[in-house]
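1. starting from these lines, generate the structure:
(one chain, ligands or ions: 2)
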Amino acid sequence: MVSSMDRTLGVSATQPEVKVRVRNLNVYYGQNHAIRDASLDVEKHRVTALIGPSGCGKTTFLRAINRMHDLTPSAKVTGCIEIDGVDVYSRDVDPIVMRRHVGMVFQRPNPFPMSIFENVAYGLRVNGERSRDRIADVAENSLRRAVLWDEVKDRLFESGAALSGGQQQRLCVARVLALRPDVILMDEPASALDPIATVKIEELIAQLREDYTVVIVTHSMAQAGRVSDRTAFFLDGMIVEVGPTNQIFTRPKDKRTEDYITGRFG
Ligand code: ADP
Ligand code: MG
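-> Ligands and ions are numbered 1, 2, ... in the order given. Model prediction:
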């Protein structure tokens with residue numbers, strides 16, 4: 001049933017809100033057609049996992065969302081990506097401003113060569129924040145949200161590089177959170193981490209869902225099963241199937257998805 005209020009707001013009670021709408025996306029690296037006519041609705045305040053064999057285009061798809069391909073001269077992007085209804089490839093959109101709202105965490109932790117505190121504070125300063133108190137507040141909150149505060153609060157002015165790999169990755173998450181993003185893109189964020197650090201990152205992702213929309217690339221189906229609400233299965237640059245994670249893993253509709261999740265290839 002759609003209530004009158006829902007009708008006023010233009011949303012149906014049963015339809016989850018779409019945060020990122022991808023339509024007919026194609027990405028080319030020179031002659032290599034890496035993403036082929038991919039369409040996907042990313043639901044708000046959900047974790048969406050992108051899975052599929054190596055080289056199938058997961059990273060390429062993820063990087064299209066915040067226009068990282070702008071930085072790769074050989075890459076060409078066609079199709080449409082909207083975030084909250086705004087075409088991110090429109091001429092009116094400044095990719096640098098947009099990337100604050102659509103933060104990214106990479107495969108290898110890449111803290112800036114600065115102190116722990118400064119890693120989180122730097123982006124605020126670059127964005128014009130002058131108040132030391134405000135910067136200190138946001139830095140602390142971001143480190144708390146990234147479940148790192150208790151481990152670093154007594155050593156905030158030590159180098160970020162002195163942290164363990166898992167701590168560095170949570171610092172990278174804190175750095176993204178400090179800019180108040182809506183969407184967080186993660187490209188195999190735990191692939192360089194040991195099992196204990198991986199558990200911490202997975203727990204953190206589960207918490208982020210409350211306030212953010214998360215898209216995570218993972219080569220680990222077990223990880224997709226643990227952290228995501230929805231899963232999209234990629235093969236040869238195409239999205240073969242997307243649905244609730246549980247359904248994709250237990251009742252896939254496409255034979256190729258079934259072959260992949262049962263380990264017949266990839
Ligand atoms: P995945 O993340 O699923 O492993 P990628 O998105 O990295 O896959 O790669 C998809 C395809 O695009 C592959 O054929 C890969 O070789 C190619 N590719 C990725 N990045 C580049 C690049 N910067 N230049 C040229 N080809 C690339
Ligand atoms: Mg990749």
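
2. what ranges do the strands span in this protein?
-> 18-29, 32-43, 47-51, 75-83, 86-87, 102-105, 183-187, 213-217, 230-235, 238-244 (DSSP state E).

3. which residues touch the fourth one?
-> This means strand 75-83. Residues outside strand 75-83 that contact it (CB atoms under 8 Å, 6 or more residues apart in numbering): 19-29, 37-38, 64-65, 67, 69, 87-89, 98, 101-102, 182-183. Just so you know, the C-beta spots here come from the backbone N, C-alpha and C atoms, and that holds for glycine as well.

4. now, of the residues you listed, which are buried?
-> 19-22, 25-28, 38, 64-65, 67, 69, 88-89, 98, 101-102, 182-183 (16 or more other CB atoms under 10 Å).

5. need the strands of the chain in CSV with mean pLDDT, can you?
-> Listed next are those as CSV, based on pLDDT from 0 to 100:
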stretch, mean pLDDT
strand 18-29, 98
strand 32-43, 98
strand 47-51, 98
strand 75-83, 98
strand 86-87, 97
strand 102-105, 97
strand 183-187, 98
strand 213-217, 98
strand 230-235, 98
strand 238-244, 98
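
6. re the thing from before, which ones among the contacts of strand 75-83 also lie next to ligand 1?
-> The residues of the contacts of strand 75-83 that also fall near ligand 1, by CB under 6 Å from any ligand atom, are Tyr29.

7. near ligand 1, which residues of this structure are found?
-> 29, 32, 34, 52, 54-60, 72, 74.

8. quick revisit: mind checking which of the strands of the chain is nearest Ala206?
-> Relative to Ala206, the nearest member of the strands of the chain by CB to CB is strand 47-51, separated by 7.6 Å.

9. what's the closest one packed up against?
-> With contacts defined as 3 or more CB pairs under 8 Å, 6 or more residues apart in numbering; DSSP states H and E, strand 47-51 has these neighbours: helix 58-65, helix 195-208, strand 213-217, helix 221-227, strand 230-235.

10. ok, 6 Å please
-> If you count contacts as 3 or more CB pairs under 6 Å, 6 or more residues apart in numbering; DSSP states H and E, strand 47-51 packs onto strand 213-217, helix 221-227, strand 230-235.

11. how far away from the center of its chain is it?
-> 9 Å (CA atoms, centre = their mean, to the nearest Å).

12. one more: stretch 113-130?
-> Counting by CA atoms, centre = their mean, stretch 113-130 comes out at 21 Å from the chain centroid.

13. residues in contact with it?
-> 111-112, 135, 138-139, 142, 152, 156-157, 160, 171, 174-175, 178-179 (CB atoms under 6 Å, 6 or more residues apart in numbering).

14. what's the closest of the helices and strands packed on strand 47-51 to Lys44?
-> Of all those, strand 213-217 comes closest under CB to CB, at 5.3 Å.

15. return the set of buried residues in that closest one.
-> Neighbour-count burial for strand 213-217 [16+ other CB under 10 Å]: Thr213, Val214, Val215, Ile216, Val217.

16. any chance of those residues in TSV, plus distance to Thr257?
-> What follows is the buried residues of strand 213-217, written out as TSV (distance: CB to CB, whole Å):
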residue	distance to Thr257
Thr213	23
Val214	22
Val215	19
Ile216	18
Val217	17
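
17. what's the pLDDT at Gln15?
-> pLDDT recorded at Gln15 is 78.

18. Leu50 contacts Ile216, correct?
-> No. Under the criterion of CB atoms under 6 Å, Leu50 is not in contact with Ile216, lying 7.1 Å apart.

19. what's near enough to touch Ser131?
-> Taking CB under 6 Å, 6+ apart, one finds nothing in contact with Ser131.

20. look up how far ligand 1 lies from it.
-> For Ser131, the distance to ligand 1 equals 40 Å [CB to the nearest ligand atom, to the nearest Å].

21. any regions of the stretch 151-266 of the chain where pLDDT drops low?
-> 266 (pLDDT under 70).
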